[in-house]
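Trainee: Next come a sequence and a model predicted from it.
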Amino acid sequence: MLYPLVSIVSLCWNRKDDMYESLKRIREIEYENLEVIVVDNDSTDGTIEMIEREFPEVKLIKMYKNLGIEAYNVGFKNAKGKYIVIIDDDSFPKKDAIKKMVEKFEKDESLGIVAFDVRNFYKYDDIKKTDYEEKNGVEEREYLMSFNGAGAGIRKDLFEKVGFYPEEFFLYFNEPDVAIKVLDLGYKIKYFSDIVSYHKFSPKNRVSWRAPFYYTRNAFWFIWKNYPMKLALKTTIKLVYSCFYYSLEQKTNIYLKAMFSAFKDINRIKGKRKPVRLEIAENLRIPFYLSFTFYR
Amino acid sequence: MKKLLIIRSISFQQLDMNIIEIKNKFPNHEIYLLTHEHGVSLAEKYKDIDRIIVYDYKESFKYRNKVESIRHEVFDAVIVPVNNISGLGFYNVLLYSLSIKAKKRYLCNLISDIKEISAFSILSLGLKNLIYSFFSFVLTLISTLFLILFLPLKLIQIERQ
């Protein structure tokens, strides 16, 4: 079997130590035909200098300011690989993950996205069975799944066709926005328990107003961009209810702010609404669990 | 041997961390994990999980969604992991835990603090949430009038030509 070029694309912003570790681990990956692209969102903590000094093989793209996930797209567009592997600055694929991913893609033309099993970097090796016989894939009989941007592989041509990540989102809901389009084109998204990505999951990274704000606002935009009219209306009403409910329950106005921002700035998704088939919208499992990013 | 059930209401990344503390706090317990179908083969990797139970529904944990295979089981402990500090936003899972026969229920938070939560506390929380639900419902009803008039037109406007 020939092993095509794979581009690993990462985005970083002021996480020098995590980025260093991630790139060090990427060097250990057992796959020869690899390109590594890091897009830096204007870090000021020495991340850029560290990458230039320690990892000359990395293609570093520097942004002039923090553009959020829009900067990822610069990396994706510059990728030359047949397949793109998306990771975060605090995640990296396991040594054997890329090879296994390529094998899955090459075996199945209809496989659009390979979703990695994203696990806790600090604890996963302690809690897993040593004699675990890995399965080939995760079956969901009744519903479709999105993927986790801390570890996923996607066909470059397909990614291009769906317009890469939604630039207007800045943070959160970018994965479901890609997933729903990929599924609507008739491709599959599949989780593989034997393809692992490590993520530095940490409670410390969670304390921020940005997460619930962007998650909530983008949930509205995701629906309005992709859902057929009736379902969009119905789901919007449910989301409005959730915003009121969680604001009262958690005594915060962040959900209301996000909801108002979604309506006020609706023109930022002008020309981007393209409803998918009803069965795709209905079957893709998006819990719209607004409060999941709220720390306290 | 005592039996413990974890309701997987959080990501595997967090559970990887929580499970060590759960195991330490509840030694000599047989650990069951209740998870959606897509989580089964990922959960099978845990060395400390003895049995995986499938929550055979697409939606989140809801009181009315019974799981036949554990209907008659009585657990010594049921754990509800939450992905924040207080457990706010996880009322549906706490309520769901009441549909399972258990001697004690516990909340395990983001930093793996495990504390007992009584059925009474869950029901009191439910009463408070009922009030929030009522106000949210009224506010949503008012908003719906605006939504029905405004949103369809706006969605047509933002459609790709």
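Mentor: That came through, no problem. Note that the structure is a prediction, hence the values are computed from the model and not measured. Numbering: from 1, shown residues only, chains lettered A, B, ... in the order given.
Trainee: give me the number of residues near residue 76?
Mentor: Chain wasn't specified; assuming chain A. A:Phe76 has 20 neighbouring residues, counting by other C-beta atoms under 10 Å in any protein chain shown. (Each C-beta comes from the backbone N, C-alpha and C, glycine too.)
Trainee: looking at chain B here, not the other one
Mentor: Neighbour tally, B:Asp76, other C-beta under 10 Å: 15.
Trainee: For the closest residue to it other than its chain neighbours, name its beta-bridge partners.
Mentor: Spatial nearest neighbour of B:Asp76, excluding adjacent residues (C-beta to C-beta, 6 or more residues apart in numbering or on different chains): B:Lys2 at 4.2 Å. For B:Lys2, the beta-bridge partners under DSSP bridges are B:His29.
Trainee: Just confirm B:Lys2 contacts B:Asp50, I think it does.
Mentor: No - using C-beta atoms under 8 Å, B:Lys2 makes no contact with B:Asp50, being 11.6 Å away.
Trainee: quick one on the thing from earlier: show me what contacts the residue nearest to B:Asp76?
Mentor: B:Lys2 makes contacts with B:26, B:28-30, B:76-77, as judged by C-beta atoms under 8 Å, 6 or more residues apart in numbering or on different chains.
Trainee: Return the item of those residues having minimum pLDDT.
Mentor: Lowest pLDDT among the contacts of B:Lys2: B:Asn28, with 91.
Trainee: Check the gap between B:Glu44 and B:Val78 for me.
Mentor: 21 Å (C-beta to C-beta, to the nearest Å).
Trainee: quick one: which of the two has more around it?
Mentor: B:Val78 (24 against 17).
Trainee: what helix or strand is A:Ile195 on?
Mentor: Assessed by DSSP states H and E, A:Ile195 sits inside strand A:188-199.
Trainee: so what secondary structure elements neighbour that strand?
Mentor: Based on contacts counted as 3 or more C-beta pairs under 8 Å, 6 or more residues apart in numbering or on different chains; DSSP states H and E, the elements that strand A:188-199 packs against are strand A:91-93, helix A:97-107, strand A:111-120, helix A:174-184, helix B:40-43.
Trainee: Kindly reformat those as a markdown table and extend each row with mean pLDDT and distance to A:Arg210.
Mentor: Formatted as a markdown table, the helices and strands packed on strand A:188-199 follow (pLDDT from 0 to 100; distance: least, C-beta to C-beta, whole Å):
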| stretch | mean pLDDT | distance to A:Arg210 |
| --- | --- | --- |
| strand A:91-93 | 94 | 19 |
| helix A:97-107 | 96 | 29 |
| strand A:111-120 | 94 | 21 |
| helix A:174-184 | 97 | 14 |
| helix B:40-43 | 88 | 28 |
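Trainee: Can you say which of those is nearest to A:Arg273?
Mentor: Among the helices and strands packed on strand A:188-199, helix A:174-184 comes nearest to A:Arg273, with 11.9 Å by C-beta to C-beta.
Trainee: what's the distance between that closest one and the middle of its chain?
Mentor: From the chain centre to the centre of helix A:174-184 is a distance of 10 Å (C-alpha atoms, centre = their mean, to the nearest Å).
Trainee: hmm, that helix touching chain B?
Mentor: No - Helix A:174-184 stays clear of chain B (C-beta under 8 Å from any C-beta of the partner chain), getting no nearer than 11.9 Å.
Trainee: Show me the contact partners of that helix.
Mentor: Residues from elsewhere that reach helix A:174-184, judged by C-beta under 8 Å, 6+ apart: A:69, A:72, A:112-113, A:144-149, A:152, A:154, A:158-159, A:162-166, A:169, A:189, A:218, A:222, A:225-226, A:276-277, A:280-281, A:284, A:286.
Trainee: do stretch B:152-159 as well
Mentor: Stretch B:152-159 has contacts (C-beta under 8 Å, 6+ apart) with A:224, A:229, A:232-233, A:266-267, A:269-274.
Trainee: what does the helix or strand that A:Leu256 is a member of contact?
Mentor: Assessed by DSSP H and E, A:Leu256 sits inside helix A:254-264. In this structure, residues lying in contact with helix A:254-264 by C-beta under 8 Å, 6+ apart are A:209, A:212-218, A:220-221, A:239-240, A:242-244, A:246-247, A:290-291, A:294.
Trainee: and chain B, which of those residues reach it?
Mentor: Filtered for proximity to chain B (C-beta under 8 Å from any C-beta), those shrink to A:240, A:244, A:246, A:291, A:294.
Trainee: Just the pLDDT at A:Tyr124, thanks.
Mentor: For A:Tyr124, the model assigns a pLDDT of 79.
Trainee: Pipe the helices and strands packed on strand A:188-199 into TSV and attach distance to A:Arg53 per row.
Mentor: Below are the helices and strands packed on strand A:188-199 laid out as TSV (distance: least, C-beta to C-beta, whole Å):
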stretch	distance to A:Arg53
strand A:91-93	19
helix A:97-107	25
strand A:111-120	29
helix A:174-184	31
helix B:40-43	38
